[in-house]
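Undergrad: I need the structure of the sequence given here:
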Amino acid sequence: MDVEGEGSKRLDIVLTTDCFVLGIENKVFANANHNPFPIYEQLLNQRAGTAGGLPVFKCLTAPKKQVAGCPSDWLIISYGELYKQALGQWGKESIATPFGKWHVFYLEFLNHLNIVAHPELGTRMDDAAQTFVKEHFSTLQQARILLEEFDKAIDEQGREAVCRGLGEDTQIRLGSAIWDGGTIKVRRFFPASWGGKSQLVLAYHPDQEYAEDGMLGWFVRAYLHAEEFDFVQLREKFESLPETHPAFYPMSSNAAPKGTWTESKGKLLALDAWPSTYTHAGALEALEALACWINKQSPPRPKTD
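TA: Modelled structure (predicted):
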């Protein structure tokens, strides 16, 4: 996890072993000109001193080997290098443990690293990836089947949660999507009782830092169509929700400070929410509660012929 130093400046990862202390800073899109490296080094030296004077190693991970503003004594490790090393070790390490969901998540994470490192490849598979597929074809087939079964389970659990939230066994049309370059998997639920254009969303993605059960992070969302809902009152009430709601609370961001925005030229209102409990079960509870909350605050408009 990230470690805080003076002035709330955070170093992404600090590893303390019996032999050394390792500090890792990750840069994806920005340069490192504004990173407080002297504070990072002070933090690492303090940690090393507390551990008995261990040597300190410092590295920065990034899509490419060149990062503006990185000090010369910080080793830059590219995502491509990480991908090749990890892929080379994966086969040996996977033999020692039964195949399961963590193998799938790890492979998806590695593939995403490679895409970020080599966007110029587009959809073309590189030699290392082709070799890996040929060596582990059977395992990858099992991974694909396991992921499909997981998605189907999420669809059924999500459908049941939405029905409970709406208080009726309404017909629900299912949909799916992939966001953020393939890192976020999305399951969509279109309740017939809402008219068929509005939807609830359950999304999950790799999250090693904050996930409370395993390595998945979760969030929920509603897209409400103007033909089916009255936006004004609903948006005001959602934006005023506190972070003490028992099941969910608005997901604030720079782009949407109160967790709401409109799309499709104002025809869709988005309500974005974190589960109060950041787990699989918490996300299903949040999906149910969000459906219930929407129905109570602003019931869908009556259908017109």
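Undergrad: Low-confidence regions, the stretch 201-305 of the chain specifically.
TA: Scanning the stretch 201-305 of the chain for pLDDT under 70 picks out 208-211, 302-305.
Undergrad: Now do the strands in it.
TA: Defined through DSSP state E, counting those that start in this stretch, the strands belonging to the stretch 201-305 of the chain, from first to last, are 216-225, 248-250, 260-263, 268-275.
Undergrad: could I get those as CSV with mean neighbour count and distance to Lys58?
TA: Backbone N, C-alpha and C define where each C-beta goes, glycine included. Supplementary listing: the strands of the stretch 201-305 of the chain in CSV, determined by neighbours: other CB atoms under 10 Å; distance: least, CB to CB, whole Å:
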stretch, mean neighbour count, distance to Lys58
strand 216-225, 22, 28
strand 248-250, 22, 37
strand 260-263, 15, 40
strand 268-275, 22, 33
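Undergrad: I'd like those laid out as JSON lines, including distance to Leu166.
TA: Below are these laid out as JSON lines (distance: least, CB to CB, whole Å):
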{"stretch": "strand 216-225", "distance to Leu166": "12"}
{"stretch": "strand 248-250", "distance to Leu166": "16"}
{"stretch": "strand 260-263", "distance to Leu166": "21"}
{"stretch": "strand 268-275", "distance to Leu166": "15"}
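Undergrad: out of those strands, which comes closest to Glu168?
TA: Among these, strand 216-225 comes nearest to Glu168, with 17.1 Å by CB to CB.
Undergrad: how about the CA coordinates for that closest one, as CSV?
TA: Written as CSV, here are the backbone C-alpha positions of strand 216-225 (Å, rounded to 0.1, in the frame of the first residue of the first chain):
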residue,chain,number,x,y,z
LEU,A,216,-11.6,-7.1,-6.9
GLY,A,217,-13.0,-3.6,-6.5
TRP,A,218,-16.7,-2.9,-7.1
PHE,A,219,-19.0,0.0,-7.8
VAL,A,220,-22.6,0.5,-8.9
ARG,A,221,-24.3,3.1,-11.1
ALA,A,222,-27.7,4.0,-12.5
TYR,A,223,-28.3,5.5,-16.0
LEU,A,224,-31.8,7.0,-15.9
HIS,A,225,-33.6,8.1,-19.1
